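# everything below, folded, please.
(4 chains, ligands or ions: 4)
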Amino acid sequence: MSATDHALELDDLRLAYRVRGVDREVLRGVSLRVAPGEAYGLVGESGCGKSTAAYAIMRYLPGNGRITGGHVRIAGRDVTTLSGEELRALRARTVSMVYQDPGQALNPTIRVGPQVAEAFTVLGASRSEANDRALQMLRKVQIADPARVLHRYPHQLSGGMQQRVVIAMALASDPTLLILDEPTTGLDATVEAEVLDLVRTLRSEYGTTVLFISHNLGVIRKMCDRVGVLYAGKLVEEGPAERVFHDPRHPYTVGLLRCIPRRGAKKTARLDTIRGFLPLLGADLPTCVFVDRCGLADERCRTVEPPMIDLGDHATRCHHHERAQELPREEAAATPPAAATGDQPVLRLRNVSKTFRLAGHDVHALVDVSLDLRPGETVGLVGESGSGKTTLARAILGIHAPDDGGGIELDGAPIGATFAERSRAQVSAIQIVFQNPDSALNRRHAVRRIIGRALKKLAGLDGAEAERRILALTEAVRLTPRHLDMRPSQLSGGLKQRVAIARAFAGDPRVVVCDEPTSALDVSVQAAILNLLADLQRDRGVSYVFISHDLGVVRYLSDRIAVLYLGRLMEVGDAESVFSGPHHPYTEALLSAVPSIDGELTTRIRLEGEIPSATDPPAGCVFHTRCPRRLASGICETAEPPLVEVAPGRQMRCHIPLEELRALQGEG
Amino acid sequence: GSDSNDGGPGSTAAGEAQTNAGTIGAGTTEAPVKAGGTLRIAGIKPSTASANADPVAINDGGGIGITSQVGQFLCVSAGDLSLKPSLASEWTSNADATEWTFTLNPAAKFSDGSPVTAADVVATIERLVNPDNASNALSAFNTGNLGPGGTTAVDAGTVKFTLSAPMGSFPYIVSSDNYNAIILPASVTDTTQFGPDKIVASGPWMIETFDPVIGVTFIPNPNYWGTPVSFEKQILSFFPDTASEVQAFQGGQVDAIVTFSVQQGQALLSDPNTTVIELKAATHRQVHLRCDKGPFADKRVRQALAMSLDRAAIIQGLFQGRASIGNDSPFAPVFPTTDPSVPQREIDLDAAKALMAEAGVTEITTEIHTWQNEEMPDYAALIKTAAEQLGVTLDIQVRDDYYEKYWLPGDAAPGSDIGITDYGHRGVPNVYLNAALKSPDKGGVWNASQFANATYDGLVDEYAGNPDIQGQKATAKKIQELLLDETPIIFSYFYNYLSATTTKVTGIETTAMGHFYTEGGSFTE
Amino acid sequence: MSALVAPQAPAIDSKKTVRRELLHELLRSKAFLIGSAIVLTWVVCAIFRDFIVTFDPTDDNPFQQHRQPLTDQFLLGTDRLGRDVFSRVVGGARVILLIAPAATIIGTVLGVLLGLVMGYYRGVVDDVLGRLIEALLALPVILVALLALVSIGTGTLIVTFVIGLLFAPVIARTIRAAVLVERDLDYVRAAQLRGERGPYVMLVEILPNVVGPIIVEFTVRLGYAIFTLAGLSFLGFGSQPPSPDWGLMIAEERAVISAGIWWPSIFPAIAIASLVIGVILIADAIQAAFDR
Amino acid sequence: MGRYVLRRFGLAAITLVLLSMIVFLISSVLPGSVGRAILGPFADPQSVALVNEQLGLGGPLWERYFDWVGGAITLDFGDSYQYRGAPVTDFLWDALWRSAKLALLTLLLVVPLAVAGGAMAALRQGRTTDRVISLAGLTLAVTPEFVTGVVLIAVFAVGLGWFPASVPATFSSPFDELRAMVLPAVSLVAVLFGYIARMARAGTLEALAADYTRTATLKGLAWGSVLRRHVLRNALLPTIAVVATQAGYLLGGLLVTETLFNYPGIGRLVYTAAKGRDIPMMMGGVITVGAVFMLLTLLADVLSAWLNPRIRLGTARD
Ligand SMILES: Nc1ncnc2c1ncn2[C@@H]1O[C@H](COP(=O)(O)OP(=O)(O)OP(=O)(O)O)[C@@H](O)[C@H]1O
Ligand SMILES: Nc1ncnc2c1ncn2[C@@H]1O[C@H](COP(=O)(O)OP(=O)(O)OP(=O)(O)O)[C@@H](O)[C@H]1O
Ligand SMILES: [Mg+2]
Ligand SMILES: [Mg+2]
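Ligands and ions are numbered 1, 2, ... in the order given. Purely as a prediction, here's the structure:
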């Protein structure tokens, strides 16, 4: 094949960052080819070098980064040898890039119009021409009211719209190659789905070649024709998306896929994990890069570097690729028995509302939320960003006092509105695991101190008894006594989260609120934490309020699901029935937005418009402004439906009868 | 002005002996003079009291620098300590020197053209002696034994002063020595805004603009009765300290400096383009030692301390020799009444130590107070060093509130065991003898050492009442000896008064009090 | 939202290596090395003053050879009282290196406490104290110091306290900002949720985490303390003569520079400038090391 | 935006009141007798008592404070003690105006220089240019102004005679006046250069590292346009605040410089007033300095808010 046949070709690309005077290799000879018009997905754990590869292609490297070998060819031209002016022209005309966090990618002091128009002026367009084309481009990316958006500043747009603007700029030059580096990470699932839809549409329209980078296997599967799996700066497996996901031939890929809760998996079935950690930046990896974490590794793997083995259209860098799927499980597959759930609710929220008073306006973050939590039960809390999940969690913990008129009961007895008004037993009974383990642990305290102090305050333990319990807790969260003398900075994210969990369990809590406890973690670590939470629940009969964006994770862990929208419960019910339907139209939309690695194609239910402001919620049903199933009668606009029991153990807030919903969703 | 000199029998002026007024440096030029030009003078920013140049209130060189341009006195205490006529052409006293009669020069006019009359003099002097006016001249008139109502007009051209006690050197009290006593028209009733209001007086200059922060500009008085001035304009700029003045002078922004010190003006003394005007003067620092209590109550300790100072070295070090040695009395060598035969106190450490031993004192630790002014902190440092040899440890305190708290002991002020106070020049030593040394209840209003000695008080009265210079000298000897023995105050030096002009300026006359007379001055070609 | 955070593998660094790492970082910084060399020189001068100086810095040798230029005997010449300038400059190090750190420590302790309280409690406490601090900071430190010194009088001890007190608000402001960031972190919330009291949270949980800003702030303020104290001495509000105070020496001798006698004032000037620069270089390097 | 400005104004007003209280408290403990301070050391005790009485230095503290505030609101700070009878304001405005002129000249010199220097250092980060500019800025900023001033005088006024060493009472021409202000201004420039350059450097570095700069570069914009349109624009925002703050300090703070060069600005006014126990003058001066400082900070905040659309237009979403 001649080089010109490829839209993008990486040829043994090597790159190093200079840190403390030493070159640390990040890309260790990456070779890949992307055919014109193809969508190529690059996946891998955080830190494996995905973004580095993307920037190397653009030849936009930080001051300490240096390409130490190999070539990058775009449409046959070697990027590594271009002059400054040629490089500029290449960026202007041939390659474009879209990255994570669109809010930062736009200049906050320049209006959207001129920023988009710039992309045209570099191509030589006159100012008025550029303005016209900017307007056209915004239309192309399906922004509502593009003429007005042109006059806005970036911060006045929502995240989804910002990303559309960035995409508009990227496509302005009609590039041959579009690189998307985690373009939807950080966006809500519903918004993510829209952006991905847009990219697909545009790609089919322009026929652009796409290099799509993501850590999310579901997204890659949905978007890409071919995938490459990157590990520690090396491509370990490559092939058509379907084949790689269905017939993975590298233990790393196999492991990654096993970590993810599949549809139908429940907490009674444990997830698998990948042992160990990603090697350090620039670590010496003479043979197979994955050898230290691989359950199949043998002497050969430790001595001979596996070549890229061609399996016809599919290639893998493993000596044992035929056996890859026989990779032994890291976690005992034994199905743990489900925890017994009692009948008497351990926690009961009664008409909890929370209004934040800001200068000039009120934010109704929670409106009249009533919810029961039974012993040993997990209630999953889902909803878009800003729907009030965290606020609800905080109200339960007593960080925010709920508005008058509502209250919280623990074991049938009302408890204080804030933690300061609660007894020690009540405080110990309700604890939390935070999202970000980095900030949840005091960087200056050793693990022993963190857990010991919690024991002292929550369980009233001191001395030898405390020491005994510390060891017990450590074991319960699968840490070793060795970890006790370490500080958080010496622990990985997953280990830190275990410490945080141990701390939460110090006072034998009845209820643990988990606010996105795994969203800061890589999938393999996430799996371990989910397993741990399930184990602890089984052993201790604790109840969870589990908040997550990831519906797959929520479904895996939860017994019941509560769906929040604009601070209101839209639907509450048994996990299985909520997922299997019929659903509330909002739940339906959330579910349809999730890209799944199982590749089942569901019809996308599109939400119109944006989430309204909690300051000024719409009249009638708060969801009517975006509801695809809004009734023609107009009742949705005028009357707010009550939350009613539509089936045993199932509540819903919708004017449309359950049967009708079943019919609508069944035919869709 | 008139040529008549030394009117009356009581006149104390003695021009011959100590005259040393003159110029040094390359400045004694005979170059042809040039009329016109603007003379730019650097002066120290007037003190708070002098800020408006109110003649009743001014208390420092800064104020004198302004009023001496626009106002005149009955007579002038010249650089050589002789009295020269000014608005008064002559003066006489009765035999016991209790009544003094001054004859005004009929030519004298104010700048508005009206003549200077006895009524104007009476009004001016009465304002100054009135205790309700917070007059800065009160102590001077107290020394001169003149009180309210003591000034009367004999006729339009003659004024008579009736004193409460004899005062042989009274004309000095109404001369430029008493710098508050410039004669103003009787029509002036409120002098507090003298500068800003540009109040009329009789001098060669009139105020054109007045800014108490920046300075004053003067224009010639069109009705001046004396020799018309040569400059067409005169600008007096205020500076916060001598260092800035010297810098401005060297940078060419000013043509003259009213006064500077040896320490700060080092550069001027060796500059060939500078004319330094040097006057021997009575300006000095008093190192008071508390006599009534504290470590210095024993006069032997005081004597010992005074004996530990190497005065010659001090004068050399602080003034490069431009000072006269002091003998622990206010009788500076410059005064004609000073008796030079009184033996000079010299450094004698052995004798000093012996005195300390005799007094039974081995160790003293106390604070020495002074304020930030010229060489005074340095002087304190030198005293500290000297005292250490006697086992006396002095902790130096340079304080802004020296005068409020540490100078005179009083209700809210502790005073100090030892302190350094600055005294300006006077044509006669009477103020020093009275205010600083007489018993506190006998008129010793500035008696920081709380020295109280009846013999001394008597001697001072005798000295003041004696109209005859030889008689005064005899009393002076007794006073000098008494003070040398008691040593309530250490007088180490009387330093020379220095002014500077560029060599392009001639004819400037100064007094050691801060008068800066530009009347006869001009630029050279 | 779910931003991916790199799971740093179990790093090898223990508590000790973190410190060693920081030290290494510093030792690699040229600014730090130069700054330390300068400061160390002055510290040595201050400590071993009596072994270094050739004459008593305060009062030896008056008048013997006043305003002598540089000679073998008087390395940096003599001043107007015939004192050895070299000895006085060396002796001056002791003066400034006693009061400047003392003042800075007072300011830092107060400022840190204030900053902790303001940042942690927020609300009314923060508003009231914040306004007060704002009010004080509306005036240059040297001006307020002057007013205070005019009111209560001068003296080394008083000046030290006044500067310390005046630095406290500035330090409090920085520490408050750092505390504000910390208090929003979940570990603080976790402490509150197990019933810890305010002082415990502030002193045990938050304080160790703001040590970085405190150290940086301390060094920076130390530099400015030297700067300000020299300025006050120059204006006559510092040490009393004959103390060999650098600011005072400049004020006393600046007038004669124009007469060609530059050594009594220029050497103390160099001394002040070098010491401040040394301290600030160190502060800069520490800040850079912490920022990394 | 309107709310924001209003709020900031309110806060500044409160701060000003607090400041006046602090200063009033300090001045009320001034030692010694005011009369003695005014009339001088050798004045008669009788006269001193008289003056004290005239000035009405009796009455409780709060009463005197409210009297003072009553006047201050109408910009009447009372009559000066040292310039007896003359209203404080006469002196204040003159001194303020002079200081403002000096400050303006200083800023005109230092801002372009420092901003350019800071931006240049940032663009050449880590290289010699950066090292030289950063080190020079740092050195100048931390060298006390009287040290720089003394050297400047020795070299340019006394040595070379190019500029006057001090500011004379009157000027023959505006040019003369300008010439007289050069040395004080330069010694202030030396102090400020480091601060502003540092800020400009940090701002530029931040903007250079920002994602939007990356966007602009990868859009294919020429480096020059990236710098102009994207980097410098954002980099200057934080610098504005620093400049205004420093301008505030200039007006009152550098009394050392004003004393050194005999420049009759407001710093020296307050200094002499404090030394001379002229309480009304001191209070007036200090409050003016504080008010000007706050006004400038406010202006800077409003200006940077106005330049920053996020604040100007409010955050549309949180
Ligand atoms: N400028 C730099 N200097 C040193 N190390 C760097 C630099 N940039 C990135 N790294 C390191 O290089 C490694 C690869 O980084 P890269 O950003 O390419 O990872 P990634 O796969 O995109 O991860 P993520 O999913 O978190 O975005 C990481 O360990 C990162 O810490
Ligand atoms: N302290 C607060 N003050 C004012 N408004 C708040 C506060 N905390 C939350 N809100 C508002 O309340 C609403 C609900 O916020 P909450 O954090 O509970 O959402 P969430 O569902 O947890 O979102 P995310 O998924 O982004 O974490 C939002 O509109 C938010 O802006
Ligand atoms: Mg990345
Ligand atoms: Mg949340």
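
# could you report the neighbour count for the residue in the stretch 151-300 of chain B positioned nearest to ligand 2?
Nearest residue of the stretch 151-300 of chain B to ligand 2, counting by CB to the nearest ligand atom: B:V213, 54.3 Å away. (C-beta placed from N, C-alpha, C; glycine too.) Here the count is done by other CB atoms under 10 Å in any protein chain shown, and B:V213 has 19 residues near it.

# return the residues in contact with it.
B:K45, B:F238, D:F91, D:D94, D:A95, D:P264, D:L269 (CB atoms under 8 Å, 6 or more residues apart in numbering or on different chains).

# which ones among these map onto helices?
Taking DSSP state H as the definition of helices, these contribute D:F91, D:D94, D:A95, D:L269.

# how about the secondary structure of the residue of the stretch 151-300 of chain B closest to ligand 2?
Of the three states, B:V213 takes coil under DSSP: H, G, I helix; E, B strand; the rest coil.

# which residues of the chain score low on pLDDT?
With no chain named, the answer covers chain A. Low-confidence segments of chain A, defined by pLDDT under 70: A:1-4, A:332-342, A:599-602, A:667-668.

# could you do chain D instead?
Within chain D, the segments meeting pLDDT under 70 span D:1, D:30-33, D:41, D:55-59, D:84-85, D:167-172, D:248-254, D:311-318.

# farthest residue from the center of it?
The C-alpha centroid of chain D is most remote from D:G220, which lies 43.3 Å away (CA atoms, centre = their mean).

# and if you look at chain B?
The C-alpha centroid of chain B is most remote from B:G360, which lies 39.6 Å away (CA atoms, centre = their mean).

# which pLDDT value belongs to that residue?
Note for B:G360: predicted pLDDT of 90.

# ok, and the closest non-adjacent residue to the spatially most central residue of chain B?
Centroid-nearest residue in chain B, with CA atoms, centre = their mean: B:H425, separated by 2.5 Å. Once flanking residues are discounted, B:H425 sits nearest to B:A512: 3.6 Å by CB to CB, 6 or more residues apart in numbering or on different chains.

# so what pLDDT did that neighbour get?
Per-residue confidence (pLDDT) for B:A512: 87.

# surely it and B:E278 touch.
No: checked against CB atoms under 8 Å, the pair B:A512 and B:E278 is beyond contact range at 9.9 Å.

# neighbour count: the two, which is higher?
The neighbour count for B:A512 versus B:E278, taken as other CB under 10 Å, is higher for B:A512 (29 against 21).

# and that one, what is it in contact with?
B:G79, B:L279, B:A281, B:A282, B:T283, B:G424, B:H425, B:Y497.

# at 6 Å what do you get?
B:L279, B:A281, B:T283, B:H425, B:Y497 (CB atoms under 6 Å, 6 or more residues apart in numbering or on different chains).

# hang on, the earlier thing: any chance of CSV for the ones in helices among the contacts of B:V213, columns distance to B:P467 and neighbour count?
Compiled in CSV, the ones in helices among the contacts of B:V213 are given as follows (distance: CB to CB, whole Å; neighbours: other CB atoms under 10 Å in any protein chain shown):
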residue, distance to B:P467, neighbour count
D:F91, 49, 25
D:D94, 52, 17
D:A95, 52, 26
D:L269, 50, 29
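
# list phi and psi for the residue of the stretch 151-300 of chain B closest to ligand 2.
When read as degrees, to the nearest 10, the backbone of B:V213 gives phi -100, psi -40.

# which residue ranges of the stretch 151-300 of chain A form strands?
A:177-181, A:209-213, A:226-231, A:234-240 (DSSP state E, counting those that start in this stretch).

# can you tell me which helix or strand the residue of the stretch 501-650 of chain A found nearest ligand 2 belongs to?
When scored by CB to the nearest ligand atom, the stretch 501-650 of chain A has A:A614 as its residue closest to ligand 2, at 4.1 Å. For A:A614, there is no host helix or strand (DSSP states H and E).

# picking that back up, among the contacts of B:V213, which pair sits farthest apart?
Across the contacts of B:V213, no pair lies farther apart than B:K45 and D:D94, at 15.0 Å, counting by CB to CB.

# tell me where chain C has helices.
C:15-28, C:30-47, C:49-52, C:85-121, C:123-137, C:141-152, C:156-183, C:186-193, C:198-200, C:211-234, C:246-253, C:263-291.

# one more: the stretch 151-300 of chain D?
For the stretch 151-300 of chain D, the helices defined by DSSP state H, counting those that start in this stretch cover D:174-209, D:211-218, D:223-225, D:233-253, D:255-260, D:266-275, D:279-307.

# would CSV of those with distance to B:V262 be doable?
Below are the helices of the stretch 151-300 of chain D laid out as CSV (distance: least, CB to CB, whole Å):
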stretch, distance to B:V262
helix D:174-209, 27
helix D:211-218, 64
helix D:223-225, 63
helix D:233-253, 34
helix D:255-260, 22
helix D:266-275, 25
helix D:279-307, 33
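
# closest to chain D out of the strands of the stretch 151-300 of chain A?
Evaluated over these, closeness to chain D peaks at strand A:177-181, with 9.3 Å, by CB to the nearest CB.

# got the angle between that closest one and helix D:211-218?
Taking axes from the mean of the first three to the mean of the last three CA atoms, to 10 degrees, one finds strand A:177-181 and helix D:211-218 inclined to each other by 170 degrees.

# now strand A:177-181, how far from the centre of its chain.
In terms of CA atoms, centre = their mean, to the nearest Å, the centre of strand A:177-181 is found 20 Å from the chain centre.

# do the same with stretch A:417-434
On CA atoms, centre = their mean, the centre of stretch A:417-434 falls 29 Å from the chain's centre.

# perfect, that will be all.
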